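K.L.:
Here is a sequence together with a model predicted from it:
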Amino acid sequence: MATKACGAMLVAIVALTGSGAANADSTCNIVNGTAYGNCAGVKVSTASKGPLTVRDQRTESGIITGATVHANAHFTMSGISNGDIRVLAGGELTVTGIVNGSIVNEGGAVVVLGTAEHLDARRGKNSVSGVVRKITAPERVDIRPGAVVDGVVH
């Protein structure tokens, strides 16, 4: 489950579990706090964690306010970051979720498979297979076939 502010509208994406989760009658949509569909047992949290300090291997699927990934650490971001993520020398970041801020690579390894607003590829290794709106230092980025950068499909 994740939330994201879209203009004046708050939209919640809710994952359902249980015996009816696979059928169409168990769909739940929450818009501006109003539930539509079968939302029995659904709890929505808009709480954020962070900013996080990552010093080992960690996966985050919730909402965070940002993070710093230290040397010898690997951070997999599969949720939503509503702040910047810094990757220090020797750190590793894999994004399969959404970064509504900048990813700043200061000498680590960054792989974007999801979506990011901005990749500042100062140093280290950088690879994009997902969607990035803006890249600083694109000459330092391996832009993979099918990636979308600044609205252009590569």
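P.N.:
Ah, there it is.

K.L.:
measure stretch 146-154 end to end?
P.N.:
5 Å (C-alpha to C-alpha, to the nearest Å).

K.L.:
Kindly apply the preceding question to stretch 86-99 instead.
P.N.:
12 Å.

K.L.:
center of this protein - which residue?
P.N.:
Centroid check for the chain by C-alpha atoms, centre = their mean gives residue 98 as the closest residue, at 2.4 Å.

K.L.:
was I right about it contacting residue 130?
P.N.:
No - using C-beta atoms under 8 Å, residue 98 is not in contact with residue 130; the gap is 9.6 Å. To be clear about C-beta, it is placed using only N, CA and C from the backbone, and glycine gets the same treatment.

K.L.:
Please settle this for me: is residue 110 part of a strand?
P.N.:
Yes - with DSSP: H, G, I helix; E, B strand; the rest coil as the criterion, residue 110 is part of a strand.

K.L.:
so what are the domain limits for this protein?
P.N.:
Using automatic domain parsing, the domain parsing of the chain gives 2-37, 52-153.

K.L.:
circling back to that earlier point, what touches both of residue 98 and residue 130?
P.N.:
114, 115, 116 (C-beta atoms under 8 Å, 6 or more residues apart in numbering).
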